[in-house]
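1. Got a predicted structure here, sequence first:
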Amino acid sequence: MATIENYNVKVSVIMPVYNSGEYLKTAVDSILNQSLKEIELILVDDGSTDGSSERCDEYAQQDNRVVVIHQKNGGICNARNAALKITRGEYIGFSDHDDEFALEAFEKAYSFATKNNLDMVKFGHKAIKTDGKAILKIWSFEYEEKIYEAKESLKHYLEMLYCGQMECVWDSLYRKEFLDRYDLRLNPDFTAGEEDVDFNGRVLGNSPKIGIMPEVFYYHYIRVGFSTSTKFKEVNIRNAISFPMRLNEYLSSADSDKIYRNNKELYAETIIYRSVGSLLFGTAMPACNYTKKEIRSLLKQISEDRDIYPCFWKASKMKILRKSLKYGILYWAFTKGYYNLCISLYHLRNSRDKASSNAVISNVLNKLNGGAKKR
């Protein structure tokens with residue numbers, strides 16, 4: 001095999017590694033076996049204690065396209081940033097240490113990027129929930145092929161975020177020169193989620209030329225008991241509350257007020273999903289010990305947030321209901337101040353009591369028919 005110095009690196013892939021166990025081999029092999037050979041894989045050992053550190057070194061010895069960084073445990077953002085300092089690829093991709101790429105992913109994504117002179121490429125992915133023994137559920141995220149010119153991309157940020165295109169970094173390629181030009185790095189203040197949304201939001205804030213691919217290239221595993229997305233973290237509550245402010249920051253170089261007014265329902269759905277819904281999702285986790293009174297107080301704090309533009313309150317609940325029954329009802333209940341109802345609706349996902357569930361649903365129907373009093 002030719003040494004890595006003998007060819008230009010087309011794609012650098014960054015993979016933070018922390019106690020990956022048996023999953024590391026599958027993740028690494030899916031990158032090293034890519035049909036595109038002009039790649040480098042940067043493994044960032046983030047203080048592993050289960051033998052993953054040694055396995056990273058073994059990969060570097062076996063394949064000279066692998067670069068290893070060892071550092072004290074500092075979280076996924078610090079790990080990715082350490083790798084970003086040394087990447088040599090024209091484009092940069094990311095991978096989690098327990099996921100997989102389709103073997104043609106980088107060849108096709110790189111070709112699409114260079115053909116269209118793109119700063120950012122997004123492609124489809126599948127999310128696979130498993131308990132280690134069986135697959136519990138699969139979600140497929142597939143999109144229509146589109147090109148957003150640089151001067152237009154910010155106008156489409158809300159729709160891209162809502163449909164899931166701006167939630168993650170591992171379903172993407174980023175032009176290295178673009179990231180370096182605007183000094184775009186991961187924010188280490190995000191220690192338990194939302195770091196990808198924040199990074200993509202700041203990328204969009206600099207008006208990249210974006211291409212959307214219809215193919216599914218990434219397989220993301222949500223492993224119950226292993227994935228951080230299944231665990232309660234206090235910081236996620238703070239992230240939910242701060243989202244309206246951060247959204248305004250992402251769109252600060254555009255006329256955000258006009259974007260929100262022209263997309264009232266989409267703006268309302270975004271706030272409901274990423275702020276109100278995220279808060280309720282976090283507090284519904286079994287490990288969360290928040291009282292109902294405390295959750296109501298947090299919901300009230302969001303409702304009084306001055307970073308939420310007035311058009312949020314003027315969205316059509318019927319239009320939102322037609323798109324999503326759950327978020328339409330949640331929007332209606334939240335804007336009416338029915339915080340106990342909001343809590344009950346979200347906590348249904350953890351309830352096995354069918355009688356209680358039916359009672360809550362009946363309560364919702366009664367309120368929608370005008371039988372509720374604000375509390």
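-> Cool, the structure landed. Keep in mind that this is a model prediction, so the values were computed, not measured.
2. what ranges do the strands span in the protein?
-> Along the chain, the segments classed as strands by DSSP state E run 11-17, 39-46, 66-71, 91-94, 100-101, 120-130, 135-141, 146-148, 172-175, 210-223.
3. Go through these and name the closest to Tyr260.
-> Tyr260 sits nearest to strand 146-148 of all the strands of the chain, at 18.7 Å, using CB to CB. Every residue, glycine included, has its C-beta placed from N, CA and C.
4. Give me the helices and strands touching that closest one, please.
-> strand 210-223 (3 or more CB pairs under 8 Å, 6 or more residues apart in numbering; DSSP states H and E).
5. in the stretch 201-350 of the chain, which spans are helices?
-> Counting by DSSP state H, counting those that start in this stretch, the segments of the stretch 201-350 of the chain that form helices are 234-250, 256-262, 264-271, 278-283, 292-303, 317-323, 325-336, 339-347.
6. Return the set of buried residues in stretch 13-29.
-> Taking 16 or more other CB atoms under 10 Å as the basis for neighbour counts, the residues of stretch 13-29 that come out buried are Val13, Ile14, Met15, Pro16, Val17, Tyr18, Asn19, Ser20, Tyr23, Leu24, Ala27, Val28.
7. Now do the fifth one against Val44, distance only.
-> Remark: distance between Val17 and Val44 (CB to CB, to the nearest Å) = 6 Å.
8. Next, show the common contact partners of the two.
-> Ala79 (CB atoms under 8 Å, 6 or more residues apart in numbering).
9. Tell me which of the helices of the stretch 201-350 of the chain lies nearest to Val224.
-> Taking CB to CB as the criterion, helix 278-283 is the member of the helices of the stretch 201-350 of the chain that comes nearest to Val224, at 15.6 Å.
10. I'd like the distance from the closest one to the chain centre, please.
-> Centroid displacement of helix 278-283 relative to its chain, using CA atoms, centre = their mean, to the nearest Å, is 16 Å.
11. list the helices and strands that helix packs on?
-> For helix 278-283, the packing partners by 3+ CB pairs under 8 Å, 6+ apart come out as helix 234-250, helix 292-303, helix 339-347.
12. circling back: kindly reformat the strands of the chain as TSV containing mean pLDDT.
-> Listed next are those as TSV, based on pLDDT from 0 to 100:
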stretch	mean pLDDT
strand 11-17	97
strand 39-46	97
strand 66-71	96
strand 91-94	98
strand 100-101	98
strand 120-130	96
strand 135-141	94
strand 146-148	97
strand 172-175	98
strand 210-223	96
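13. JSON lines for the ones you listed, including distance to Ala113?
-> Supplementary listing: the strands of the chain in JSON lines, determined by distance: least, CB to CB, whole Å:
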{"stretch": "strand 11-17", "distance to Ala113": "9"}
{"stretch": "strand 39-46", "distance to Ala113": "14"}
{"stretch": "strand 66-71", "distance to Ala113": "22"}
{"stretch": "strand 91-94", "distance to Ala113": "6"}
{"stretch": "strand 100-101", "distance to Ala113": "15"}
{"stretch": "strand 120-130", "distance to Ala113": "5"}
{"stretch": "strand 135-141", "distance to Ala113": "19"}
{"stretch": "strand 146-148", "distance to Ala113": "11"}
{"stretch": "strand 172-175", "distance to Ala113": "6"}
{"stretch": "strand 210-223", "distance to Ala113": "7"}
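14. For burial, what's the neighbour tally of the residue nearest to Lys25 when sequence neighbours are not counted?
-> With CB to CB, 6 or more residues apart in numbering as the criterion, Lys25 has its nearest non-adjacent residue at 7.7 Å, and that residue is Arg55. Using other CB atoms under 10 Å, Arg55 is surrounded by 19 other residues.
15. For Arg55, give me its contacts.
-> Residues touching Arg55, when contacts are defined by CB under 8 Å, 6+ apart, comprise Ser20, Leu24, Lys25.
16. That one and Tyr23, how far apart?
-> Plainly put, Arg55 is 11 Å away from Tyr23 if you go by CB to CB.
17. Sketch out the low-pLDDT regions of the protein for me.
-> By pLDDT under 70, the low-scoring segments of the chain are 1-7, 225-232, 348-375.
18. go with 50
-> Low-confidence regions of the chain, defined by pLDDT under 50, span residues 1-3, 352-354, 372-375.
19. what's around Lys323, how many residues?
-> Counted with other CB under 10 Å, residues neighbouring Lys323 total 12.
20. If you could redo that for Pro214, that was the one I meant.
-> Residue neighbour count, defined by other CB under 10 Å, stands at 11 for Pro214.
21. Could you list which residues are in contact with it?
-> With contacts defined as CB under 8 Å, 6+ apart, Pro214 is in contact with Phe123, Gly124, Glu142, Tyr143, Glu144, Glu145.
22. just the buried members of these?
-> Buried residues within the contacts of Pro214, counting neighbours by 16+ other CB under 10 Å: Phe123, Gly124, Tyr143.
23. CSV for those, including distance to Val67?
-> Compiled in CSV, the buried ones among the contacts of Pro214 are given as follows (distance: CB to CB, whole Å):
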residue, distance to Val67
Phe123, 24
Gly124, 28
Tyr143, 32
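24. Closest one of those residues to Asp196?
-> Using CB to CB, the shortest approach to Asp196 within the buried ones among the contacts of Pro214 belongs to Phe123, at 14.8 Å.
25. OK, contacts around the nearest residue to the closest one once chain neighbours are set aside?
-> Nearest residue to Phe123 in three dimensions, chain neighbours excluded: Met213, at 4.1 Å (CB to CB, 6+ apart). With contact taken as CB under 8 Å, 6+ apart, Met213 is in contact with Lys108, Ala109, Phe112, Val121, Lys122, Phe123, Gly124, Tyr143, Glu145.
26. thinking again about what came up before, now render the contacts of Arg55 as a markdown table, adding distance to Tyr267.
-> Formatted as a markdown table, the entries for the contacts of Arg55 read as follows, by distance: CB to CB, whole Å:
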| residue | distance to Tyr267 |
| --- | --- |
| Ser20 | 39 |
| Leu24 | 41 |
| Lys25 | 44 |
